[in-house]
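Undergrad: model this:
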Amino acid sequence: MTVHPFPDGFLWGAATAGHQVEGNNTNSDTWFAEHVEPTVFMDVSGDACDSYNRWEEDVDLAASLGLNAYRFSVEWARVEPEEGLFDDDELGHYEGIVDRCRELGLSPIVTFNHFTAPHWFAMRGGWLDPDAPALFARYCRVVADRFGDRIGFAVTLNEPNITRMLTWMDLPPFVRELEAATLEACNVHAGVPRYRLSNVMLPEEIEEFAEGMEAGHRAGKAAIKEVCPDLPVGLSIAVMDDRVVGDDSSVRDRKRVECYGRWLGLAREDDFVGVQNYEAIPYDGAGEVKPDPGVPLNSMGSAIDPTSLAGAVRYVHDEAGVPIMVTEHGLCHEDDSLRVGFIPPAIAGLREVMDEGVPVIGYMHWSLLDNFEWIFGYSKHYGIVAVDRSTFERTPKPSAAVYSAIVRANGAEG
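TA: Next up, the predicted model:
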């Protein structure tokens, strides 16, 4: 197999997210939900990867792999810990990350909201609050005004469709029950009627949440563009490579409408769209077709399939028609040798899609670090760099070397 080099200027990066790596995000909704009883979160995030203090080490690590981009998020809860009160020191903290990226030749790809929000925002009902879009826009404007002129790409929201997509997965009933119990515990401990997070939702509220987040994306993008009119702005969408087995596509098609339709329609108005893909799922006319016995599975129970990325990117571009950035892609597994074998063919497949004419701006591997994986705590690992939970020492895995070699060759291999 021969893979053509990627275009000059193609962005090769790795991704992180504030709450998952920084640690002690104490003014956030997720921190609050981790500490109520009962809670759906298996672990408290605690110090996470201590990246709030070790961010420079992480940025330097990304640069040492030969990357030319780094995706990270600004934590709204740090920047605006109280409603209407913006912390200049915290803005300076994130400004420092942006400036260090630029110093090292990394394009800063900044996510303005990667799930977590301020505690006060959740107390108002989160994205169910009619004022939520305006509140988000105010925050976006402040961040953009501080350092928007120095970032490469802005992602307003991370995976606003993820909770809808999870309704298509075979989660045990107790998970839904525990999510509801967590939110009720949050209500009680916060003393409010409706404490809400964007990645722990009641099924009956998903559509109302989507309406709020859609309005939030529009308002946030407009605010960013007011300050930085030339800054590319988009959102990232969780996209499985949904496939059809046999000749009945009805289930697959219904899933696409429910899980992606709203967001792909919204993306048509944007400068780019972020694709976040981890698996391919086949469907026949009756539902999901489970993997055959003996097929290697990732830690989430899906078949390991590096061709899923190409399928997801091709579908999203067919629907949205705007440039694509792969804002997340990776493999959840303890065995890094599987990741070593997974990355090269996935990237080769991405190049094939580009050869077909799909404009792809860049590829951000998830994740740079093994980190806090939301309700799964520290039990799941996506990183190309291991993190010691006691010392926080970073140790690149063999997969980091494999990815680095691809990057340094600009994707070419023979």
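Undergrad: counting residues per helix, which one in this structure is longest?
TA: Longest helix in the chain, counting residues (DSSP state H): helix 206-227.
Undergrad: buried stuff in the next helix or strand after that helix?
TA: With elements assigned by DSSP states H and E, the helix or strand that comes after helix 206-227 is strand 233-238. Buried residues in strand 233-238, counted by 16 or more other Cβ atoms under 10 Å: 233-238. In short, each C-beta sits where N, CA and C put it, glycine included.
Undergrad: so where is this protein shaky, pLDDT-wise?
TA: 1-3, 413-414 (pLDDT under 70).
Undergrad: Could you check how far the spatially most central residue of it is from Gln20?
TA: Centroid-nearest residue in the chain: Asn158, 5.0 Å away (criterion: Cα atoms, centre = their mean). Noted for Asn158: a distance of 11 Å to Gln20, by Cβ to Cβ, to the nearest Å.
Undergrad: Now for those two: what residues contact both?
TA: His114 (Cβ atoms under 8 Å, 6 or more residues apart in numbering).
Undergrad: mind checking the SS state of the most far-flung residue of the chain relative to its centre?
TA: The C-alpha centroid of the chain is most remote from Asp247, which lies 33.0 Å away (Cα atoms, centre = their mean). With DSSP: H, G, I helix; E, B strand; the rest coil as the basis, Asp247 sits in coil.
Undergrad: and the gap between it and Gly349?
TA: To Gly349, Asp247 is 25 Å away according to Cβ to Cβ.
Undergrad: What are the boundaries of the strands in the stretch 51-200 of the chain?
TA: With DSSP state E, counting those that start in this stretch as the criterion, the stretch 51-200 of the chain has strands at 69-73, 107-113, 153-158.
Undergrad: possible to save these as CSV with distance to Lys225?
TA: Compiled in CSV, those are given as follows (distance: least, Cβ to Cβ, whole Å):
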stretch, distance to Lys225
strand 69-73, 19
strand 107-113, 13
strand 153-158, 9
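Undergrad: what residues are up against the residue nearest to Phe41 when sequence neighbours are not counted?
TA: Nearest residue to Phe41 in three dimensions, chain neighbours excluded: Glu34, at 4.5 Å (Cβ to Cβ, 6 or more residues apart in numbering). Glu34 makes contacts with 41, 43-45, as judged by Cβ under 8 Å, 6+ apart.
Undergrad: These in strands, which ones?
TA: Nothing among the contacts of Glu34 maps onto strands, per DSSP state E.
Undergrad: now the longest helix of the chain and strand 233-238, what's the angle there?
TA: If you take axes from the mean of the first three to the mean of the last three Cα atoms, to 10 degrees, helix 206-227 sits at 150 degrees to strand 233-238.
Undergrad: for the closest residue to Ala48 other than its chain neighbours, phi and psi?
TA: In this structure, Ala48 finds its nearest non-sequential neighbour in Gly23, 3.8 Å apart by Cβ to Cβ, 6+ apart. Backbone torsions of Gly23, given as degrees, to the nearest 10, read phi 90, psi 150.
Undergrad: doesn't Asp50 make contact with Gly23?
TA: Yes. Using Cβ atoms under 8 Å, Gly23 is in contact with Asp50, at 5.2 Å.
Undergrad: Show me which of the two is the more surrounded one.
TA: Gly23 (21 against 18; other Cβ atoms under 10 Å).
Undergrad: For that one, list the residues it contacts.
TA: Gly23 touches 45-53, counting by Cβ under 8 Å, 6+ apart.
Undergrad: Going by distance to Val322, which of these wins?
TA: Nearest to Val322 out of these is Ser51 (Cβ to Cβ; 30.9 Å).
Undergrad: my read: that closest one touches Asn24, true?
TA: No. Using Cβ under 8 Å, Ser51 makes no contact with Asn24, being 10.7 Å away.
Undergrad: and those two? which has more neighbours close in?
TA: Taking other Cβ under 10 Å, Ser51 and Asn24 do not tie; Ser51 has more neighbours (27 against 16).
Undergrad: Run a quick neighbour tally on the residue nearest to that one when sequence neighbours are not counted.
TA: Distance criterion Cβ to Cβ, 6+ apart; nearest residue to Ser51, sequence neighbours excluded, is Val21 at 3.9 Å. Val21: 27 surrounding residues under other Cβ under 10 Å.
Undergrad: In this model Glu57 seems to touch Val21, though I could be wrong.
TA: No. Between Val21 and Glu57 there is no contact, the gap being 11.3 Å when judged by Cβ under 8 Å.
Undergrad: chain center to stretch 397-414, what's the gap?
TA: 22 Å (Cα atoms, centre = their mean, to the nearest Å).
Undergrad: Would you mark the buried spots in that stretch?
TA: By neighbour count on 16+ other Cβ under 10 Å, the buried set for stretch 397-414 is 397, 399-400, 402-404, 406-407, 411.
Undergrad: Could you do stretch 256-271 as well?
TA: For stretch 256-271, a neighbour-count test (16+ other Cβ under 10 Å) marks 256, 258-260, 262-264, 266-267, 270-271 as buried.
Undergrad: so of those residues, which ones are in helices?
TA: Secondary structure from DSSP H places 256, 258-260, 262-264, 266-267 of these in helices.
Undergrad: Find the pair from those residues with maximum spatial separation.
TA: Counting by Cβ to Cβ, the most remote pair of these is Glu258 and Ala267, 16.3 Å apart.
Undergrad: What about Asp318, how many residues nearby?
TA: Using other Cβ under 10 Å, Asp318 has 10 neighbouring residues.
Undergrad: now do Glu82
TA: Here the number of neighbours of Glu82 (other Cβ under 10 Å) works out to 11.
Undergrad: Next: Cys186.
TA: Residues lying near Cys186 (other Cβ under 10 Å) number 24.
Undergrad: Leaving aside the residues adjacent along the chain, what's closest to it?
TA: Leaving aside its chain neighbours, Cys186 sits nearest to Tyr195 (3.8 Å; criterion: Cβ to Cβ, 6+ apart).
Undergrad: Quick check: the residue nearest to the centre of the chain touching Asn113?
TA: Yes. Here Asn158 reaches Asn113: they are 6.7 Å apart, a contact under Cβ under 8 Å.
Undergrad: Overlap of the contact sets of these two?
TA: In terms of Cβ under 8 Å, 6+ apart, Asn158 and Asn113 are both contacted by the residues Ser73.
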